[in-house]
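K.L.:
sequence? don't have it. structure:
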């Protein structure tokens, strides 16, 4: 193994900014979501892709991949959300081992009610802190970072 190539001051500032902002921004947005809409961040995380899916239904495995969650986390969260009547689980007609997660009317009502305040908070704490030029750079830059990350298979 070669000699370690340490981060220079500019690189370290960018990296520290990234690792410091994400948990704090997420915490602020999560608290606002709970206060404004009565939804946990985990609930909102699953309601968004379900609300955007055709018919409001996704295979549990695909939902997990979309939000980067392990199978057990999806399973436990869906059980909690079923108790609140936000979603229902259904058998998968193509594969008896799989299950489908369907958005209920109550789930759709919850996401429709929560989205405006959540978007306003994202705009207040993230979008509003950036210039137009920074927005043009940050989106593509973060997409490139994501593209470099290994998938589940390494």
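P.N.:
That came in fine, so what should we check first? Just so it is clear, the model here is predicted, and its values are computed rather than measured.
K.L.:
spit out the contact partners of the spatially most central residue of the chain.
P.N.:
With the centre of the chain defined as its mean C-alpha position, the nearest residue by CA atoms, centre = their mean is residue 45, 4.7 Å away. Residue 45 makes contact with residue 67 under the criterion CB atoms under 8 Å, 6 or more residues apart in numbering. All C-beta atoms are positioned from the backbone trio N, CA, C, and that covers glycine.
K.L.:
using the three-state scheme, assign it.
P.N.:
In three-state terms, and counting by DSSP: H, G, I helix; E, B strand; the rest coil, residue 45 is helix.
K.L.:
so which elements touch the host helix or strand of residue 16?
P.N.:
Residue 16 is part of helix 9-37 when elements are defined by DSSP states H and E. Secondary structure elements in contact with helix 9-37, counted by 3 or more CB pairs under 8 Å, 6 or more residues apart in numbering; DSSP states H and E, are helix 41-52, helix 105-125.
K.L.:
pLDDT on that helix, on average?
P.N.:
Rounded to a whole number, the mean pLDDT of helix 9-37 is 95.
K.L.:
tilt between it and helix 41-52?
P.N.:
80 degrees (axes from the mean of the first three to the mean of the last three CA atoms, to 10 degrees).
K.L.:
from the chain's centroid, how far away is helix 9-37?
P.N.:
Average the C-alpha atoms of helix 9-37, do the same for its chain, and the two points are 14 Å apart (CA atoms, centre = their mean, to the nearest Å).
K.L.:
now it: buried residues?
P.N.:
Buried residues in helix 9-37, counted by 16 or more other CB atoms under 10 Å: 29-30, 32-33, 37.
K.L.:
same question, stretch 78-89
P.N.:
Residues of stretch 78-89 classed as buried under the neighbour-count rule (16+ other CB under 10 Å) are 78, 81, 86-87.
K.L.:
so what touches that stretch?
P.N.:
Against stretch 78-89 from outside (CB under 8 Å, 6+ apart): 42-43, 46-47, 50, 60, 99-104, 106-107, 110.
K.L.:
element containing residue 102, please.
P.N.:
Using DSSP H and E, residue 102 falls in strand 99-103.
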